[in-house]
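Undergrad: Please find the sequence and the predicted model below.
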Amino acid sequence: MTPVELSRTVLRAVRRAVEAGELSVDVPARAVVAPPGPGGRGDYATNIALQLARPAGQPPLRVAEVLRSYLAASEGVARVEITGPGFLNLSLDGSAAAVLVRRVLGEGPRYGHDDRLAGRVFAVRVPYEIRAEVVADALARIVAAQGGRVDVSHDGPVTLRPAPAPEDPAALGLDAARWALLHPAPHDRPRVTADHLVQRESNPVFRVRYAHARTRAVRRNAADLGFGAWSGSVPHDALSAAVTDAATDAVMESVAESVTDVVAADFGLHVPAEAHELLSLLADYPRILATAVTDVAQPGTPGLDVGAPSRLARHLLALADVTLVLLPVVLPRGEEKPSAAHRARLALAEAAGAVLAGGLSLLGIDAPDHL
């Protein structure tokens with residue numbers, strides 16, 4: 001379940017509470033769902049109870065209590081807890097996360113694409129400046145992935161003007177140049193330096209492309225060993241064997257201080273703690289794409305958020321970092337035989353690779369299978 005889908009679940013809970021006469025409010029157009037902050041619990045949190053408290057004429061905690069029962073009965077939600085002044089903290093069950101991974105694997109690099117913007121056209125006017133043109137192109141790609149269109153022109157008053165590039169980035173080559181221009185926030189001046197060409201993990205664009213290439217390599221290596229990604233329910237005996245394998249995996253213990261509890265979002269299998277963060281990043285990817293279009297007033301570009309390409313680049317970098325931590329424990333080591341745990345980790349790795357490939361494509365950057 002993605003944050004966008006979970007937001008719809010929250011709104012359905014509000015609607016049911018209104019229909020039952022427990023709340024007297026207008027159902028809002030959207031509900032904000034995000035990873036919990038300090039003091040929060042579970043997979044996601046929402047402030048919907050605080051948002052509705054005043055129009056409902058009730059304390060936030062009372063609104064939260066009303067909504068908790070409806071949310072707890074929702075498909076894919078395992079537990080709902082209330083923290084602080086009325087935040088609702090949601091824990092997802094394993095089936096929801098398994099559905100997420102199957103969805104990513106099924107849709108591949110097009111995961112996160114939809115038609116929510118079908119028929120909408122956004123006019124953008126840019127100066128004759130390389131960064132403005134590259135940002136506008138990336139925006140057009142992200143909007144097109146959601147069924148909309150961005151018409152970019154140089155005619156009339158300029159509506160999109162990020163901080164310009166200090167020099168022509170062409171010497172960096174297409175991929176490094178686009179990353180150099182898109183990764184910084186629009187108001188930050190980009191660095192056009194040879195650092196973007198360094199083939200080391202200290203270079204962010206290399207790290208993202210390298211993480212994708214490594215997921216492809218792991219898939220090829222797994223095929224050579226005769227196994228593929230987990231793609232369905234895991235038999236109980238395989239699950240028991242996977243738990244035993246994971247509990248004695250020295251490599252895993254070097255990644256995290258100890259083997260995590262059975263995480264529902266990891267198919268019920270023990271995996272490194274970072275896998276939970278990886279799943280959150282996968283789930284959040286469609287929301288990242290959706291932020292290209294905003295209801296908040298933007299200077300010069302009505303309806304578009306010029307920071308969306310930078311936000312996407314930073315999301316891909318976070319995903320790459322977590323993926324690179326997971327990859328060393330995907331394949332069997334030494335005398336190990338491929339197990340359900342390895343197949344589950346391979347599924348996570350392949351899903352991460354698909355999102356990295358799709359996101360890089362939207363930025364106009366190549367995602368190589370070999371690097």
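TA: Structure received.
Undergrad: rest of the way, CA atoms for contacts and neighbours
TA: OK.
Undergrad: Who's the closest spatial neighbour of L324, skipping the chain neighbours?
TA: A211 (6.0 Å; Cα to Cα, 6 or more residues apart in numbering).
Undergrad: for T83, same thing?
TA: Using Cα to Cα, 6+ apart and skipping the chain neighbours, the partner closest in space to T83 is G40 (6.6 Å).
Undergrad: how many neighbours does the residue nearest to L324 have?
TA: Counted by other Cα atoms under 10 Å, the residues lying close to A211 total 32.
Undergrad: measure E277 to V32 for me?
TA: Applying Cα to Cα, to the nearest Å, the value for E277 to V32 is 19 Å.
Undergrad: per-residue confidence for S254?
TA: pLDDT, S254: 27.
Undergrad: can you check V329 too?
TA: 87.
Undergrad: For L52, give its distance to L61.
TA: For L52, the distance to L61 - Cα to Cα - is 11 Å.
Undergrad: Looking at these two, which is more packed in?
TA: Set L52 next to L61 and count neighbours by other Cα under 10 Å: L52 wins out with 22 against 19.
Undergrad: The more buried one: what's it in contact with?
TA: 25, 60, 63 (Cα atoms under 8 Å, 6 or more residues apart in numbering).
Undergrad: so where does it fall, helix or strand?
TA: L52 is part of helix 48-56 when elements are defined by DSSP states H and E.
Undergrad: avg pLDDT for that helix?
TA: On average, helix 48-56 scores 95.
Undergrad: where's the closest residue to R191 other than its chain neighbours, which helix or strand?
TA: Counting by Cα to Cα, 6+ apart, the nearest residue to R191 once its immediate chain neighbours are dropped is A180, at 6.4 Å. Assigned by DSSP H and E, A180 belongs to helix 174-182.
Undergrad: which regions of this structure lie under the pLDDT threshold?
TA: Regions of the chain meeting the criterion pLDDT under 70 cover residues 94-95, 231-275, 295-302.
Undergrad: And the strands in it, which stretches?
TA: Using DSSP state E, the strands of the chain run over 33-34, 44-46, 77-83, 87-92, 121-125, 149-153.
Undergrad: Just the C-alpha atoms of the biggest helix by length in the chain, please, in PDB.
TA: Ordering each helix of the chain by length in residues (DSSP state H) puts helix 340-362 first. Provided in PDB are the C-alpha atoms of helix 340-362 (Å, rounded to 0.1, in the frame of the first residue of the first chain):
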ATOM      1  CA  ALA A 340      12.900 -18.300   0.700                       C
ATOM      2  CA  ALA A 341      14.800 -15.600   2.400                       C
ATOM      3  CA  HIS A 342      17.100 -15.200  -0.600                       C
ATOM      4  CA  ARG A 343      14.100 -15.100  -3.000                       C
ATOM      5  CA  ALA A 344      12.400 -12.400  -0.900                       C
ATOM      6  CA  ARG A 345      15.600 -10.300  -0.800                       C
ATOM      7  CA  LEU A 346      15.900 -10.700  -4.500                       C
ATOM      8  CA  ALA A 347      12.400  -9.500  -5.000                       C
ATOM      9  CA  LEU A 348      13.200  -6.400  -3.000                       C
ATOM     10  CA  ALA A 349      16.300  -5.800  -5.000                       C
ATOM     11  CA  GLU A 350      14.500  -6.200  -8.300                       C
ATOM     12  CA  ALA A 351      11.800  -3.800  -7.200                       C
ATOM     13  CA  ALA A 352      14.300  -1.200  -6.100                       C
ATOM     14  CA  GLY A 353      16.100  -1.600  -9.500                       C
ATOM     15  CA  ALA A 354      12.800  -1.100 -11.300                       C
ATOM     16  CA  VAL A 355      12.100   2.200  -9.500                       C
ATOM     17  CA  LEU A 356      15.700   3.400  -9.900                       C
ATOM     18  CA  ALA A 357      15.400   2.700 -13.700                       C
ATOM     19  CA  GLY A 358      12.000   4.400 -13.900                       C
ATOM     20  CA  GLY A 359      13.100   7.500 -11.900                       C
ATOM     21  CA  LEU A 360      16.300   8.000 -13.800                       C
ATOM     22  CA  SER A 361      14.400   7.800 -17.100                       C
ATOM     23  CA  LEU A 362      12.100  10.500 -15.900                       C
END
